[in-house]
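K.L.:
Task: produce atomic coordinates for the following.
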Amino acid sequence: QMTKNTCTDPKIIEEELTEVRRTGYAVDDEEFLHGLVGLAVPIFDSAHRVCATVSMHSPTIRHSVDTIREHV
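P.N.:
As a prediction, this is how the structure comes out:
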């Protein structure tokens, strides 16, 4: 556990992965570093496999989790 927001419960992690698959993006809500939020989207190859990601991070003084979602 890196911060108080880091999820370590396998059931909740599975639920979050299901949500990532549904929405097509993942959000880091100060889970790795206090004061930092992030967003990541997959890049697919011609066989529809994830081959890369594009991500961004921002200090919470500039963006909240809600405002960072606007960049999807």
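K.L.:
from here on, contacts and neighbour counts on C-alpha atoms
P.N.:
Will do.
K.L.:
Could you measure from the residue sitting nearest the centre point of the chain over to E19?
P.N.:
The centre of the chain sits closest to V27, judged by C-alpha atoms, centre = their mean, with a distance of 2.3 Å. Between V27 and E19 the distance, using C-alpha to C-alpha, to the nearest Å, works out to 10 Å.
K.L.:
Angles on the backbone of the residue nearest to the residue nearest to the centre of the chain when sequence neighbours are not counted, please.
P.N.:
Sequence neighbours aside, L39 is the residue nearest to V27 in space, at 4.5 Å (criterion: C-alpha to C-alpha, 6 or more residues apart in numbering). With angles defined as degrees, to the nearest 10, L39 sits at phi -140, psi 140.
K.L.:
same question, the one 5 residues further on
P.N.:
When read as degrees, to the nearest 10, the backbone of F44 gives phi -100, psi 150.
K.L.:
Test my guess that E31 contacts N5.
P.N.:
Yes. With contact defined as C-alpha atoms under 8 Å, E31 counts as touching N5 (4.8 Å).
K.L.:
part of a strand, is C7?
P.N.:
No. Read with DSSP: H, G, I helix; E, B strand; the rest coil, C7 is coil and lies in no strand.
K.L.:
Is it in contact with E14, as I believe?
P.N.:
No. Here C7 lies out of contact with E14, judged by C-alpha under 8 Å, at a distance of 10.6 Å.
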